[in-house]
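K.L.:
Any chance you can model this:
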Amino acid sequence: MIQMQATFSGYGGGATTIFSAYDPASRVLVVARDAGYREARRKGCVVLTNIDGIPSDWRFDGDKLRDAIGAYYALRNGVATDGKGARLVYDPSVMRANPEAMIERDGIDDRGPKYRIADGITCAQMAVLATCQHALKSDDVERVVNMAARFERLALGEILTI
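P.N.:
Numbers count the residues shown, from 1 in each chain. Next up is the predicted model:
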């Protein structure tokens, strides 16, 4: 389980911190709680932020926004490993952090879909977008690590089935 703490400012609704958890085994992201603005790291959390001066594990900037929106849609439209459940789940208390209503498709270019973001997007909604992107990136890292472990076993003489 990867616990995430996303602290954002500079958008509507005031600065805030969203706590989420991602389970790589089930491939489900749970957006769990809006804790108001919090700079201090909660023990065991990966810290994502767009704020200079906050010690973080991942700095989110505008250059990553398109990829974050793509990650949001991949999770929103995806199915968990059980073949039934959703990949993106909100605790009822944080439904207002859902960025869906603030995103509008704006055509396609050579990189894929383009999006427009409404001026009223909140810090909580931006935090969710960043959290979605980090969750999918952690999936990529997990797959690479597993592949490296399989190659190591192959190099040690084990049989690898394809």
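
K.L.:
what's the closest non-adjacent residue to Q3?
P.N.:
C45 (4.6 Å; C-beta to C-beta, 6 or more residues apart in numbering). All C-beta atoms are positioned from the backbone trio N, CA, C, and that covers glycine.

K.L.:
List the buried residues of the helix or strand encompassing Q3.
P.N.:
Using DSSP states H and E, Q3 maps to strand 2-8. For strand 2-8, a neighbour-count test (16 or more other C-beta atoms under 10 Å) marks I2, M4, Q5, A6, T7, F8 as buried.

K.L.:
For the chain, just list every one of the strands.
P.N.:
Assignment of strands within the chain using DSSP state E yields the ranges 2-8, 16-23, 28-34, 45-49, 58-59, 88-90, 103-109, 112-117.

K.L.:
Quick check: which of those is nearest to R76?
P.N.:
strand 88-90 (4.9 Å; C-beta to C-beta).

K.L.:
For the closest one, the averaged confidence score.
P.N.:
Strand 88-90 shows a mean pLDDT of 97.

K.L.:
Kindly report the same for stretch 8-26.
P.N.:
Rounded mean pLDDT across stretch 8-26 is 96.

K.L.:
now could you export just the CA positions of that stretch as PDB?
P.N.:
Presented in PDB, the C-alpha positions along stretch 8-26 are these (Å, rounded to 0.1, in the frame of the first residue of the first chain):
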ATOM      1  CA  PHE A   8      -1.500  22.100  -3.100                       C
ATOM      2  CA  SER A   9      -2.000  25.800  -3.200                       C
ATOM      3  CA  GLY A  10      -2.500  28.500  -5.800                       C
ATOM      4  CA  TYR A  11      -5.900  27.300  -7.100                       C
ATOM      5  CA  GLY A  12      -9.500  27.800  -5.900                       C
ATOM      6  CA  GLY A  13     -10.800  26.800  -2.500                       C
ATOM      7  CA  GLY A  14      -7.600  27.600  -0.600                       C
ATOM      8  CA  ALA A  15      -4.600  25.500   0.100                       C
ATOM      9  CA  THR A  16      -5.300  21.900   1.200                       C
ATOM     10  CA  THR A  17      -3.800  18.500   1.700                       C
ATOM     11  CA  ILE A  18      -5.500  15.400   0.300                       C
ATOM     12  CA  PHE A  19      -4.600  11.900   1.800                       C
ATOM     13  CA  SER A  20      -4.900   8.900  -0.500                       C
ATOM     14  CA  ALA A  21      -3.800   5.300  -0.700                       C
ATOM     15  CA  TYR A  22      -2.900   3.200  -3.700                       C
ATOM     16  CA  ASP A  23      -2.800  -0.600  -3.600                       C
ATOM     17  CA  PRO A  24      -0.600  -1.900  -6.400                       C
ATOM     18  CA  ALA A  25      -2.000  -5.400  -6.100                       C
ATOM     19  CA  SER A  26      -5.600  -4.400  -6.700                       C
END
